[in-house]
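A.B. asks: When you get a sec, could you give me coordinates for this:
(2 chains, ligands or ions: 2)
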2 protein chains.
Amino acid sequence: MEKLTESTLLVEEAAHFIETCYVELGKSEQEIRRRVAEIEREIDSTGSYLHTKEELQHGARMAWRNNNRCIGRLFWQTLEIFDEREAETEEQVFSAIVRHLRFAFNGGQIRPAITVFKQSDQSGMRIWNHQLLRYAGYEQGGRLVGDSSSLAFTKQCEALGWRGAGSGFDLLPVVIGEAGKQPKWFELPDDAKPEVAIGHPDWPEMAELGVKWYAVPLISDMKLEIGGIEYGMAPFNGWYMGTEIGARNLADEDRYDLLPTMAKIMGLDTGSQRTLWKDKALVELNVAVLESFAEAGVTIVDHHTAAKQFRNFEKIEEREGRKVTGNWAWLIPPVSPATTHIFHKPYKNDVVKPNYFYQQAPYGE
Amino acid sequence: MEKLTESTLLVEEAAHFIETCYVELGKSEQEIRRRVAEIEREIDSTGSYLHTKEELQHGARMAWRNNNRCIGRLFWQTLEIFDEREAETEEQVFSAIVRHLRFAFNGGQIRPAITVFKQSDQSGMRIWNHQLLRYAGYEQGGRLVGDSSSLAFTKQCEALGWRGAGSGFDLLPVVIGEAGKQPKWFELPDDAKPEVAIGHPDWPEMAELGVKWYAVPLISDMKLEIGGIEYGMAPFNGWYMGTEIGARNLADEDRYDLLPTMAKIMGLDTGSQRTLWKDKALVELNVAVLESFAEAGVTIVDHHTAAKQFRNFEKIEEREGRKVTGNWAWLIPPVSPATTHIFHKPYKNDVVKPNYFYQQAPYGE
Ligand code: HEM
Ligand code: HEM
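C.D. replies: Ligands and ions are numbered 1, 2, ... in the order given. As a prediction, this is how the structure comes out:
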């Protein structure tokens, strides 16, 4: 009985996806009916169904288009899909990941891409990293070194036998395996872990801090859901919006906390909040990030340009007769938010599928 | 029947308010019971009830404490209440307003205050201004002069016979009268309309723009609701948080739009968004506001200090066993929001009464 209900739900979700997807792809009513009937039979006999390559590709793109928190959605149709549903072993998954990173980095001209592995009802394998490129975080006698957001995962890596150099910017290994079981870990080859040294055109002392950031944001712990099918391993990347690095990763007090250092380099009076030293340091830290990426020839977008691109996205979606949902709190940039149009309008945070979702971590945090 | 239900609701709201209010004021169970019974009799015979001075005072303070959008709530207990429920004529209301403005400004040492006039079931009189001090906005042949947010109200004033000088900073008259009827308008005396000239310590050209802002934010179009009773005329003031002026009133593209001008004065390269010229100009415009107010000896708070004060408020409320509700989107400052603790936590936007609410404008907008 429970099985039956589940199947019915899956058929419904599949049919809903196929209809939307196929209409967007310009297919006929007949093709839709035929494909839905086929999926229904497949679910009847196997309890699940497989997406065609085309469905997978368009589904992953729709999922991006539907993600309420993403300001980069204008480019949803350019998403490159790597279909790696054949990959069985941890080694095969890892080599697909390396390929993805090389493709995405592309010598600095970053390309949005996703690699989709087996669906979750066929494999319990998971990538344990939050992002494929990410710095380790260590707590050494109450003192934090590196990225605090990686503390728990770094401990996991150490338990597996990995040892970091103990610097503030140790790239973590890639950890792959069944949830709850002993996973395997892999070191990325050098050409698959590009980084950018951060300096400021006006303050050379900034470069001497040795601050850097990785070039490709590649989220590897979210699941992709298309037509009722979940893909628990579907790492995807875009390029960075500068504020993610300059106003959060490097600036948050419980992350790299660089505003006081930046203010010191700039010679600001930090004795009173009224001098707005934090705001001045924040802007210049963000200039440093944008200029350093540009200098290194690595794609990055500033928040003003990103907001403008998002406005274009909204216009196009309206023209196409699709409602744009959004999460205002995530869409506004953390620097000068009121200078973007996003700040001045409301967004409906309804969840539309396909989409990317959080899922339980494969290890106890 | 409808009358009865309304009365029942009013009794309920009144009883709820009296219980909370009297417990906070340290009164006994007996006093609560006695006062609730008294109010019940009053509603039975008159359909409504009057607050004691003490209830009005504590109710207005609770209303401030409960306002989800206000970051300044730490100081809720310092609110000064002027009870002007006896005022009958427009002239009497106006003279109470002048007294309020003088008290609030206090030579620059701004004091939070509210003046409460007759409750709405006794008088339909309203103050037509959004804020008591506010600049006129004119559209002259497609060109905007002054504050665009005052366009409709400025037209109303002109229809009443008022004429502004046509500058960018013409303080509007005070308009008082029954909603929908012919109101009276009054010019404030000079000592009741303090302003601050805005200049920047590092860029003297800024002062030459002739930009200024009024010293006291005094909202006059919201209604105060206490224990089921509505006060449609209850103007209140605090002091400014700098970003309200520097990041919204003077910066928004559809308000005074000063970022391009500021950037020019600063000699910034505005050719590309990536230089973050908007963010740099925004920070310095906010420095200008804060420094100019400080220089003029007028109370103002920067957003970092305000956020810290709000954190204190949250701690005290927790200690008192009261839940702090909040509207995240309004509480985060529009400059460097992620540098404040508010950005990093969720707030429940539940409406708790007493509170301040929007009400319909007394004129067609
Ligand atoms: C192409 C350039 C892209 C830019 C500039 C961009 C920008 C952003 C930004 C600024 C955020 C907020 C991140 C945060 O505050 O932590 C975000 C969130 C997100 N983006 Fe994008 N994005 C891009 C590409 C993509 C792609 C290719 C996908 C998926 C195919 C994607 C899916 C998402 C998702 C799922 C989130 C929410 C993450 C979460 O909930 O934690 N984005 N994006
Ligand atoms: C003492 C200094 C005060 C500061 C620094 C302060 C700060 C603020 C700020 C920054 C806002 C958001 C304004 C906006 O974004 O438009 C706000 C909203 C508000 N404040 Fe305060 N406030 C103060 C005093 C008061 C007082 C005395 C009251 C009432 C007794 C009050 C009631 C409100 C209300 C009702 C709102 C919401 C207005 C709306 O919904 O449009 N505040 N406050």
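A.B. asks: got the contact list for the residue nearest to the spatial centre of chain A?
C.D. replies: With the centre of chain A defined as its mean C-alpha position, the nearest residue by CA atoms, centre = their mean is residue A:219, 3.4 Å away. With contacts defined as CB atoms under 8 Å, 6 or more residues apart in numbering or on different chains, residue A:219 is in contact with A:130-131, A:235-237, A:356. Every C-beta, even on glycine, is put in place using the N, C-alpha and C of the backbone.
A.B. asks: any idea how far it is from chain B?
C.D. replies: 20 Å (CB to the nearest CB, to the nearest Å).
A.B. asks: Can you narrow the contacts of residue A:219 down to the ones near ligand 1?
C.D. replies: Among the contacts of residue A:219, proximity to ligand 1 is found for A:236, A:356 (CB under 6 Å from any ligand atom).
A.B. asks: Could you see whether chain B lies near stretch A:249-264?
C.D. replies: Yes: Stretch A:249-264 is in contact with chain B by CB under 8 Å from any CB of the partner chain, via A:251-252, A:259.
A.B. asks: ok, so of these, who is nearest residue A:59?
C.D. replies: residue A:252 (34.0 Å; CB to CB).
A.B. asks: pLDDT at that closest one, what is it?
C.D. replies: Looking at residue A:252, its pLDDT is 98.
A.B. asks: okay, now the closest residue to it other than its chain neighbours: neighbour count?
C.D. replies: Nearest residue to residue A:252, sequence neighbours excluded (CB to CB, 6 or more residues apart in numbering or on different chains): residue B:338, at 6.8 Å. The burial count assigned to residue B:338 is 20, neighbours taken as other CB atoms under 10 Å in any protein chain shown.
A.B. asks: Same check on residue A:302?
C.D. replies: Residue A:302 has 26 neighbours, counted by other CB under 10 Å.
A.B. asks: so how far is ligand 1 from it?
C.D. replies: 10 Å (CB to the nearest ligand atom, to the nearest Å).
A.B. asks: wait, that residue sits on residue A:239?
C.D. replies: No: Residue A:302 lies out of contact with residue A:239 (CB atoms under 8 Å); the separation is 11.6 Å.
A.B. asks: where do the contact lists of those two overlap?
C.D. replies: Here residue A:302 and residue A:239 share no contacting residue, scored by CB under 8 Å, 6+ apart.
A.B. asks: Give the buried residues for stretch A:29-47.
C.D. replies: A:32, A:35-36, A:39-40, A:43 (16 or more other CB atoms under 10 Å in any protein chain shown).
A.B. asks: Name all residues that make contact with residue A:110.
C.D. replies: A:104, A:215-216, A:237-239, A:298-299.
A.B. asks: And for residue A:215?
C.D. replies: Residue A:215 neighbours (CB under 8 Å, 6+ apart): A:105, A:108, A:110, A:133, A:194-196, A:240, A:293, A:296, A:298.
A.B. asks: What of residue A:175?
C.D. replies: Residue A:175 is in contact with A:127-129, A:153, A:156-157, A:160, A:183-186, counting by CB under 8 Å, 6+ apart.
A.B. asks: How about the contacts made by whatever residue of the stretch 51-200 of chain A ends up closest to chain B?
C.D. replies: Nearest to chain B, among the residues of the stretch 51-200 of chain A, is residue A:200, at 11.9 Å (CB to the nearest CB). Shown in contact with residue A:200 (CB under 8 Å, 6+ apart): A:206-207, A:265, A:284, A:287-288, A:291.
A.B. asks: Distance check, it against ligand 2.
C.D. replies: Residue A:200 sits 32 Å away from ligand 2, going by CB to the nearest ligand atom.
A.B. asks: Tell me the pLDDT of that residue.
C.D. replies: Note on residue A:200: pLDDT of 98.
A.B. asks: List the buried residues in the strand or helix carrying residue A:155.
C.D. replies: Element membership for residue A:155 (DSSP states H and E) is helix A:151-159. For helix A:151-159, the neighbour count (16+ other CB under 10 Å) marks A:153-157 as buried.
A.B. asks: same deal with stretch A:248-258?
C.D. replies: Those would be A:248-252, A:255-256, A:258, for stretch A:248-258 by 16+ other CB under 10 Å.
A.B. asks: between the buried residues of stretch A:29-47, which is closest to ligand 2?
C.D. replies: Nearest to ligand 2, judged by CB to the nearest ligand atom, of these is residue A:32 at 48.5 Å.
A.B. asks: From residue A:35, how far off is the residue lying closest to that closest one once chain neighbours are set aside?
C.D. replies: Spatial nearest neighbour of residue A:32, chain neighbours left out: residue A:22 (4.8 Å); criterion: CB to CB, 6+ apart. With the distance defined as CB to CB, to the nearest Å, residue A:22 ends up 7 Å from residue A:35.
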